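Peer 1: task: produce atomic coordinates for the following.
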Amino acid sequence: APYFSASGAIVLSGQSYWTIDGGTNGIMQNTANGTDRTYQQETTGIQALNCQYCEVKNLTIESLYIHDPTTATSGQGTGLFPSGSNWKIHDNTFSDSIIAIMMNYTNDDNVRIYNNNFVQDGWALGCAGGNFVLQNLYFYGNHVHDNDHWDSTNNSIHKNGLHCYNGSGGASGAGIQNLYVYNNRFDGNWGNCCITAQVFLEGGSTITCWCWTNATGTAYIFNNFFTTTGSVGAGGNGLIMVSGSNNSLVANNTFINVYGSYPCVEFGTTYLHPASNVRLENNVVQACSQLLASSQAGTLTTIDYNAYAYASGGGYPWQYASHEANTLAHWQTACGGCDIHSYTQLGSSWADLNTTSGVPSPGFVGIGQGANLTSLCSKNADLANLCSDINGNARPSTGNWTIGAYSIASQQPAPPTDLTVVSH
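Peer 2: This is a model prediction of the structure:
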């Protein structure tokens, strides 16, 4: 079609047990919608609000709105607009929409978004729910990349991989309670402006904040690879921005910001609730203006076994509330004993780490130097994948893990061969 209507080319709202299967070559696309095309219309591929036990798979939803990044215009287009419990969205390709998936939850549970390809979308996933609760949201095995089409000359579009927020103004009990983001790759060309974060869990300091959760929500972010190319000038809250939350885990990720124009990891606040009881372990953090920033003095339970390199901003690599630190020793004092077992190389990047793929080579300093987190993944079924790396390679049940998203065993000399015994 030249463009689908805003209500959707396919509408499944109020239904249950529906599956949309694209098979081997299923495609939904607009043919004439975009900045420089005939039409500039709001458009939706599939609307499926209050759809229970629904599934979308093996489908390509593309070209809903082809945006011209050399203009001051915004854009249109939502690939999938769902809500409901027990959703499965997997093995799809979403391209050229301002929002690929806009999850509008209403007291829902068990939403799984996995093994999808997101390319040239302003956001891969938006998640919001007014005064409602989403109990468990899973985002895993996805590839989110290349959204430079959504640049604009006036910075009018803020680009994200995931953007979770809540229109309730900080209502008590509202928001996402458990968010699992793991085994994903965020990479490619993210353009020259307007990025907020690859994972942006929104917060705020007032009762009117659009906070992704109240003080009880927990984010589990592990086994992900985050990187960018493109100059990524305006904006920027970090490769990831985790606001508020309780008992959140950020573990075994690899963060590499090639151009270093904003923080790698940032923690913020949701309605005067700083992030509390945060665990930040086994992460590679490299080439950002700040390596780690916490705007509020929350409770940092465990920050350790990380590998920090190349603070590119010329300022303080670490910030914790009003405390700023330019050496590891100062940072350890400022945050009360963080990173006792961590590694730093602030003047340059790690030589044995591929900045394109995040894969370390055998000489990488973090091999066999991370904390063993088997106790976490063995006690919580939703964290079972933490016991393997981003590629599914098992991490050791005993002994130290390798720092970062990729598990590489310590290199031991090969045993000798072709030996002979000489008796005397």
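
Peer 1: residue ranges with poor pLDDT in the stretch 101-250 of the chain?
Peer 2: For the stretch 101-250 of the chain, the stretches flagged by pLDDT under 70 are 167-173, 205-208, 230-236.

Peer 1: what's in contact with the strand or helix carrying G126?
Peer 2: Following DSSP states H and E, one finds G126 within strand 123-128. With contact meaning C-beta atoms under 8 Å, 6 or more residues apart in numbering, strand 123-128 is reached by 94, 98-105, 113, 116, 118, 134, 137, 139, 142, 144, 159-167, 176, 210, 212. Quick note: C-beta positions are derived from backbone N, CA and C, even for glycine.

Peer 1: helices - which of those residues land there?
Peer 2: Taking DSSP state H, every one of the contacts of strand 123-128 sits outside helices.

Peer 1: pull out the buried residues from these.
Peer 2: Buried residues within those, counting neighbours by 16 or more other C-beta atoms under 10 Å: 94, 98-105, 113, 116, 118, 134, 137, 139, 142, 144, 159-166, 176, 210, 212.

Peer 1: surely F225 meets T356?
Peer 2: No - using C-beta atoms under 8 Å, F225 makes no contact with T356, being 10.1 Å away.

Peer 1: the helices in the protein, which residues?
Peer 2: Applying DSSP H to the chain gives helices spanning 328-334, 374-379.

Peer 1: nearest to G366, of those helices?
Peer 2: The closest of those to G366 is helix 328-334. By C-beta to C-beta, the value is 15.0 Å.

Peer 1: in that closest one, which residues are buried?
Peer 2: Under the neighbour-count criterion of 16+ other C-beta under 10 Å, helix 328-334 has L328, W331, Q332, A334 buried.

Peer 1: measure the third one to Q319 for me?
Peer 2: Spatial separation of Q332 from Q319 under the definition C-beta to C-beta, to the nearest Å is 14 Å.

Peer 1: for the first one, same thing?
Peer 2: In this structure, L328 lies at 14 Å from Q319, with C-beta to C-beta as the measure.

Peer 1: between those two, which contacts overlap?
Peer 2: Counting by C-beta under 8 Å, 6+ apart, no residue touches both L328 and Q319.

Peer 1: thinking again about what came up before, off-centre distance for the strand holding G126?
Peer 2: Here the centre of strand 123-128 is set off from its chain's centre by 11 Å, with C-alpha atoms, centre = their mean, to the nearest Å.

Peer 1: and it, which strands flank it?
Peer 2: Looking at strand 123-128 with DSSP bridges, its partner strands are strand 99-104 (parallel), strand 159-164 (parallel).

Peer 1: out of those strands, nearest to S348?
Peer 2: strand 159-164 (27.4 Å).

Peer 1: which residues are contacting that closest one?
Peer 2: Taking C-beta under 8 Å, 6+ apart as the rule, strand 159-164 contacts 118, 122-128, 137, 139, 144, 147, 150, 176, 179, 181, 186, 190-191, 194-202, 212-213.

Peer 1: wait, doesn't T106 sit right on Q135?
Peer 2: No - here T106 does not reach Q135: they are 11.8 Å apart, not a contact under C-beta under 8 Å.

Peer 1: comparing the helices of the chain by mean pLDDT, which bottoms out?
Peer 2: Ranked by mean pLDDT, the helices of the chain end with helix 328-334 in last place, scoring a mean of 88.

Peer 1: ok, and what's touching it?
Peer 2: Here helix 328-334 makes contact (C-beta under 8 Å, 6+ apart) with Y308, P317, W318, Y320, H323, E324, A325, C338, D339, I340, S342, T344.

Peer 1: out of those, which one sits closest to I46?
Peer 2: Y308 (42.7 Å).

Peer 1: if I look at the closest one, what pLDDT would I see?
Peer 2: 95.

Peer 1: mind checking the longest strand of this structure?
Peer 2: As assigned by DSSP state E, the longest strand anywhere in the chain is strand 19-29.

Peer 1: show me what contacts the residue nearest to G26 when sequence neighbours are not counted?
Peer 2: Nearest residue to G26 in three dimensions, chain neighbours excluded: L59, at 4.8 Å (C-beta to C-beta, 6 or more residues apart in numbering). By C-beta under 8 Å, 6+ apart, L59 lies in contact with I20, D21, G22, G26, I27, M28, N92, T93.

Peer 1: got a winner among those residues for most neighbours?
Peer 2: Counting neighbours by other C-beta atoms under 10 Å, N92 leads these with 25 neighbours.

Peer 1: skipping adjacent residues, who's closest to H158 in space?
Peer 2: Distances taken as C-beta to C-beta, 6+ apart put T196 closest to H158, at 4.6 Å, once the chain neighbours are dropped.

Peer 1: apologies, that question was intended for S407.
Peer 2: S407 sits nearest to D389 (C-beta to C-beta, 6+ apart), 3.8 Å away.

Peer 1: wait, the one you found sits on C377?
Peer 2: No - if you go by C-beta under 8 Å, D389 and C377 don't touch, sitting 11.8 Å apart.

Peer 1: give me the distance between V359 and I256.
Peer 2: 11 Å.
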